[in-house]
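Visitor: Sequence below, structure please.
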Amino acid sequence: MPVPAELETVEIGTGPAPRHAVIWMHGLGADGHDFVPIVPELRLPAHLPVRFVFPHAPMQPVTINAGMVMRAWYDVFELEGRRGEDEAGLRASQGLVVGLIAREQARGIPAARIVLGGFSQGGAMALQTGLRHPERLAGIVALSCYLPLAGLLEAEASLPGRDVPIFMGHGSYDDLIPVARARRSRDLLLELGLTVAWHEYAMPHSVCAEEIRDLGRWLRETLGSGD
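Guide: Numbers count the residues shown, from 1 in each chain. As a prediction, this is how the structure comes out:
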């Protein structure tokens, strides 16, 4: 399927004249509306007005789901009993997310006040894009996901990308992306010298109230330190 030139988005502002932006990617088969309800639960203060941008991933067939067409940032397939990585799809969607960053910059929000975040596939895209971005972002949020193209990161990570704080949250009962895989991703990031705030919760492939509280606190600290 052709890759769209740009992504449709849902936008929510926490106050007038936003000075910060959070670009949030949804998981496989969901859409940009999926995480809109968490915005008020993050309890961001009025003095940190944020524009939340929730893009809709492109529609494409997903191999592991019998080729059904759905919103996905990249394909998921199995190769000799193991899940393979769709490098071309990851890089194509990375380009689309970079376009969203550029759009926020054109609207007056510098890279240093932009957070990339997401859940599952969306979290993988946040890591894929944020660590390679030529300008330092405010932060990366990676929930219930893993580090894609992990073997290429050391060579491809930008120098500013190595200085970006990362919030990682994962469920200890996750049966879609086992927590052991997420821990390996965390450990690799730490080995490369990145700053990772790791949070583990007694939940499946999901989010919970405690995680949202922790994320809200991290966002307040991260965005506040950039003012």
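Visitor: Following element in sequence after the lowest-mean-pLDDT helix or strand in the chain, please.
Guide: Ranking every helix and strand in the chain by mean pLDDT, DSSP states H and E puts strand 82-85 at the bottom, with a mean of 72. Using DSSP states H and E, the next helix or strand after strand 82-85 towards the C-terminus is helix 87-106.
Visitor: mind listing what's buried in that next one?
Guide: When burial is assessed from 16 or more other CB atoms under 10 Å, helix 87-106 yields the following buried residues: 89, 90, 92, 93, 94, 96, 97, 100, 101, 103, 104. All C-beta atoms are positioned from the backbone trio N, CA, C, and that covers glycine.
Visitor: Look at the fourth one and report its pLDDT.
Guide: This points to residue 93. The pLDDT attached to residue 93 in the predicted structure is 97.
Visitor: before we move on, what SS does the closest residue to it other than its chain neighbours have?
Guide: Spatially, and ignoring its direct neighbours in sequence, residue 93 is nearest to residue 73 (4.4 Å; CB to CB, 6 or more residues apart in numbering). On the three-state scheme (DSSP: H, G, I helix; E, B strand; the rest coil), residue 73 is labelled coil.
Visitor: Was I right to think residue 73 contacts residue 57?
Guide: Yes - Residue 73 sits in contact with residue 57 when judged by CB atoms under 8 Å, with a separation of 4.9 Å.
Visitor: Residue 116 pairs with what?
Guide: Partner residues in beta bridges with residue 116: residue 23, residue 140, with DSSP bridges as the criterion.
Visitor: Quick one: the strands in this structure, in order.
Guide: Counting by DSSP state E, the segments of the chain that form strands are 9-13, 20-25, 50-55, 59-62, 68-71, 76-79, 82-85, 114-119, 139-143, 166-171, 196-201.
Visitor: can I get the ones you listed in CSV with mean neighbour count and distance to residue 32?
Guide: Written out in CSV, the entries for the strands of the chain read as follows (neighbours: other CB atoms under 10 Å; distance: least, CB to CB, whole Å):
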stretch, mean neighbour count, distance to residue 32
strand 9-13, 15, 4
strand 20-25, 29, 8
strand 50-55, 24, 4
strand 59-62, 17, 13
strand 68-71, 14, 9
strand 76-79, 12, 20
strand 82-85, 13, 24
strand 114-119, 27, 11
strand 139-143, 28, 16
strand 166-171, 25, 20
strand 196-201, 17, 24
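Visitor: Now for residue 184: which residues touch it?
Guide: By CB atoms under 8 Å, 6 or more residues apart in numbering, residue 184 lies in contact with residue 146.
Visitor: Next one: it, what pLDDT does it get?
Guide: Residue 184 is assigned a pLDDT of 97 by the prediction.
Visitor: do the same with residue 224
Guide: Residue 224 carries a pLDDT value of 86.
Visitor: repeat for residue 6
Guide: If you check residue 6, the pLDDT there is 79.
Visitor: Tell me if I'm right that it and residue 95 touch.
Guide: No - using CB under 8 Å, residue 6 and residue 95 do not qualify as a contacting pair, with a distance of 10.2 Å.
Visitor: where among the strands of the chain is the average confidence lowest?
Guide: When these are compared by mean pLDDT, strand 82-85 comes last with a mean of 72.
Visitor: ok, the closest residue to residue 142 other than its chain neighbours - contacts?
Guide: The shortest distance from residue 142 to any non-neighbouring residue, by CB to CB, 6+ apart, is to residue 123 (3.9 Å). By CB under 8 Å, 6+ apart, the contact list for residue 123 reads 25, 117, 141, 142, 143, 144, 145.
Visitor: Thank you, goodbye.
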